[in-house]
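> need a 3D model of the sequence below.
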Amino acid sequence: MELNLINILLAFLEGFALIISPCILPILPLVLSASLTGSKARPIGIIAGFMASFLVVVIFSRSLVQYANLDPNLLRTIAFIVLLLLGVIMLSSYLSEKFTLLSQRLLAVGNNWQSANNTQGGFWSGFLFGSFVGVIWTPCAGPIFAAVIVQIAIQQTTINSILAITAFAIGAGLPMLLIALIGRKIMANFSFFKTHAIWCRKILGVIIIASVVYIIYIDNAITAPSRLATNQTTDATTLINALPVSYPAPIITGIDAWINSPPLQLSQLKGKVVLIDFWTYSCINCIRTLPYLIDWYAKYHDKGFEIIGIHTPEFEFEKNLTNVKNAVKKFGIQYPVALDNRYATWLNFNNHYWPAHYLINQAGEVIYVHFGEGEYDVTENNIRQLLGIKAPVTAKNSENILTALTPETYLGYERAERMMSSETVVKNAPSEYSYPQQLPQNAWALQGQWQVYAEKVLAKSRGAAVQLHFKAKQVHAVMGAPTHPVKIKLRLNKQMMAKEIVVSNQQLYTLIDLDQVSEGTLEIIAQSPDLEIYTFTFG
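Take a look at the predicted model:
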């Protein structure tokens with residue numbers, strides 16, 4: 001495997017840029033306060049511990065989430081609580097003294113690491129403190145923790161991803177180290193800080209608390225539920241479901257390639273209304289939104305409206321530029337599309353969904369957000385309002401989203417659920433599987449020889465089959481056969497279908513489209529080896 005030096009360098013720069021991000025605000029006062037005591041090596045130890053614990057959490061988060069069944073939102077909440085407690089401790093002299101005594105007791109086991117006359121702590125004392133800060137900061141920093149989830153749940157861990165994460169951690173740590181060292185120098189040269197150390201500590205505590213409250217407030221503003229009254233319609237002459245507080249749109253960064261456009265920045269589009277669409281070409285929910293976006297672009301582009309499709313891949317093959325270009329051409333997309341293969345822009349927006357729409361006004365502020373399908377009439381109303389078009393929306397309304405369908409079903413072992421084959425899954429090696437006697441609704445099973453990878457299953461013999469018990473009107477599958485075309489046969493409710501599908505490109509294939517939502521059992525039978533199946537989706 002070749003090292004991707006450009007990605008590693010960009011990861012370092014993105015980490016360095018975190019110094020101006022809100023998620024870093026609660027950490028800087030902690031680092032500065034802890035750096036003001038102890039030896040000159042203590043600040044270096046704090047930053048080294050911070051980076052080391054961040055790396056450990058990220059690299060081993062796959063096991064943490066998969067085997068401990070951890071909830072990222074719960075981790076984030078716990079991290080906020082810990083940061084708030086630290087802020088409260090810094091406000092109280094009594095609690096600060098107790099915390100210092102507790103820290104000294106915890107560090108007693110490491111006294112041999114410190115010189116006898118360094119009672120306030122040296123490198124290893126700082127390393128332990130920095131490690132603690134790194135652990136609580138990782139889930140607190142929404143974009144960073146999103147990167148953790150991406151590495152776990154979506155991508156395979158490789159040497160490139162580990163080096164990129166390491167570069168990111170170094171980039172994040174260096175400016176904090178500079179701040180810590182400069183802070184010590186300022187404290188050493190200005191008697192005001194020495195004589196008012198208690199008040200300085202309390203001010204830093206207030207900054208920590210205020211920073212956490214600010215981040216929580218921004219998060220709630222972005223993810224606030226819709227407040228559209230049941231009697232509201234798109235005849236409105238104002239914005240509908242707008243965010244309670246708009247916020248500056250994050251920058252578009254880390255893009256590997258652009259389609260239909262030279263590289264763009266939102267700063268270039270000030271004065272225009274912009275819709276950011278996070279999508280990926282094999283996502284059925286994204287595909288179903290595309291006709292609406294294409295329609296809006298055709299109707300409003302010459303009136304000052306722009307769409308930027310941020311193509312953020314769910315599977316490895318979706319990173320391929322040719323594949324994305326083919327999809328853009330197939331769907332008839334004319335607006336700019338950016339390949340966000342490293343999730344840099346996804347993380348900047350703190351996004352978690354495909355599709356996701358962020359509507360930005362002429363001043364460059366996000367004023368409306370919608371996740372998933374639906375609310376097309378509301379979105380169009382808001383586009384028109386920003387453009388100064390006061391007439392009611394007359395475009396086609398969206399269909400109601402069915403919530404009782406079989407949920408999206410992943411087959412790779414990293415995210416596989418409800419797999420009911422009798423045998424234990426063998427990872428990354430060929431193995432024989434068989435169907436159970438009964439297959440519950442929403443469950444699936446393999447039969448024949450398959451090789452199960454992290455994000456897909458691969459047929460290793462002719463006749464290898466997968467069975468799915470579904471409830472839906474439509475069943476789609478993300479499949480591929482990159483080495484040679486593979487023909488598949490379908491059996492619905494034990495009856496062989498006349499329909500045959502030839503799988504070649506890695507993309508979404510529609511398997512069945514019934515007259516109405518029904519419950520049934522679908523079987524896919526590979527007519528030759530090397531069929532890849534990633535996921536089933538339903539409509």
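> G539 and D513, how far apart?
8 Å (CB to CB, to the nearest Å). C-betas here are computed from N, CA, C, even on glycine.
> for the two, indicate the residue with more neighbours.
For G539 and D513, the more surrounded residue by other CB atoms under 10 Å is G539, and the numbers stand at 19 against 11.
> is it true that the more buried one touches A472?
Yes: with contacts defined as CB atoms under 8 Å, G539 counts as touching A472 at a distance of 6.3 Å.
> can you pull the phi/psi pair for Q527?
Dihedral pair for Q527: phi -90, psi 0, per degrees, to the nearest 10.
> if we can go back for a sec, identify the contacts common to G539 and A472.
L405 (CB atoms under 8 Å, 6 or more residues apart in numbering).
> how about L264, secondary structure?
coil (DSSP: H, G, I helix; E, B strand; the rest coil).
> ok, it - contacts?
Residues near L264 by CB under 8 Å, 6+ apart: 252, 258, 308, 336, 338.
> picking up where we left off before, what do G539 and D513 both touch?
473-474.
> quick one: strands adjacent to the lengthiest strand in the chain?
The residue-count maximum for a strand in the chain (DSSP state E) belongs to strand 507-526. Using DSSP bridges, the strands paired with strand 507-526 are strand 465-480 (antiparallel), strand 486-492 (antiparallel).
> skip the chain neighbours and tell me the closest residue to L508.
Computed as CB to CB, 6 or more residues apart in numbering, the closest residue to L508 that is not its neighbour in sequence is S282, at 4.6 Å.
> next up, phi/psi of that neighbour, please.
phi -100, psi 10.
> can you give me every residue that contacts it?
Applying CB under 8 Å, 6+ apart, we find S282 in contact with 314-315, 318, 478, 506-508, 534.
> cool, A416 as well?
Counting by CB under 8 Å, 6+ apart, A416 has contacts 410, 425, 452.
> for it, grab phi and psi.
The phi/psi pair for A416 (degrees, to the nearest 10) is phi -70, psi 140.
> over to V452?
Residue torsions, per degrees, to the nearest 10, at V452 are phi -100, psi 120.
> check G364 too.
Dihedral angles for G364 - degrees, to the nearest 10 - are phi 80, psi 20.
> cool, P291 as well?
phi -60, psi -30.
> in stretch 421-432, what counts as buried?
Neighbour counts over stretch 421-432 (16 or more other CB atoms under 10 Å) mark 421, 431 as buried.
> returning to what we had before: list just the nearest of the contacts of A416 to V213.
Nearest to V213, judged by CB to CB, of these is Y410 at 36.9 Å.
> okay, and the beta partners of the closest one?
What pairs with Y410, by the bridge criterion (DSSP bridges), is T535.
> tell me, how many residues neighbour it?
24.
> check contacts around L458.
L458 touches 450-452, 530-532, counting by CB under 8 Å, 6+ apart.
> neighbouring strands for the strand or helix carrying it, and are they parallel or not?
Element membership for L458 (DSSP states H and E) is strand 457-459. Strand pairing for strand 457-459, using DSSP bridges, gives strand 444-452 (antiparallel), strand 532-538 (antiparallel).
> and those, which one's lowest on average pLDDT?
The minimum mean pLDDT among the strands paired with strand 457-459 belongs to strand 532-538 (a mean of 90).
> spell out which residues make up each domain of this structure.
5-223, 247-387, 409-538 (automatic domain parsing).
> what's the least confident stretch among those domains?
It's domain 5-223: among these, that one has the lowest mean pLDDT, namely a mean of 60.
> what about the helices in the stretch 351-500 of the chain?
With DSSP state H, counting those that start in this stretch as the criterion, the stretch 351-500 of the chain has helices at 376-387.
> coming back round to it: what's the most buried one of the strands paired with strand 507-526?
strand 465-480 (a mean of 22; mean count of other CB atoms under 10 Å).
> with just CA atoms, put it into PDB.
What follows is strand 465-480, C-alpha atoms only, in PDB (Å, rounded to 0.1, in the frame of the first residue of the first chain):
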ATOM      1  CA  ALA A 465     -27.000 -17.200  -2.200                       C
ATOM      2  CA  VAL A 466     -28.300 -14.700   0.300                       C
ATOM      3  CA  GLN A 467     -31.900 -14.700   1.700                       C
ATOM      4  CA  LEU A 468     -33.700 -11.700   3.100                       C
ATOM      5  CA  HIS A 469     -37.000 -11.500   4.900                       C
ATOM      6  CA  PHE A 470     -38.300  -8.000   4.200                       C
ATOM      7  CA  LYS A 471     -41.200  -5.700   4.500                       C
ATOM      8  CA  ALA A 472     -41.200  -3.000   1.700                       C
ATOM      9  CA  LYS A 473     -42.500  -2.100  -1.700                       C
ATOM     10  CA  GLN A 474     -39.000  -1.800  -3.200                       C
ATOM     11  CA  VAL A 475     -35.900  -3.700  -2.400                       C
ATOM     12  CA  HIS A 476     -32.500  -2.300  -3.500                       C
ATOM     13  CA  ALA A 477     -29.000  -3.600  -3.000                       C
ATOM     14  CA  VAL A 478     -25.600  -2.000  -3.300                       C
ATOM     15  CA  MET A 479     -23.600  -4.600  -5.300                       C
ATOM     16  CA  GLY A 480     -20.700  -4.900  -7.600                       C
END
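> closest to L359 out of the contacts of L264?
Nearest member of those to L359, counting by CB to CB, is I308, at 11.7 Å.
> related to what we said a few turns ago, in CSV, list the strands paired with strand 507-526 along with distance to L522.
Below are the strands paired with strand 507-526 laid out as CSV (distance: least, CB to CB, whole Å):
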stretch, distance to L522
strand 465-480, 5
strand 486-492, 6
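> what sits against P529?
Per CB under 8 Å, 6+ apart, neighbours of P529: 459-462, 464, 486.
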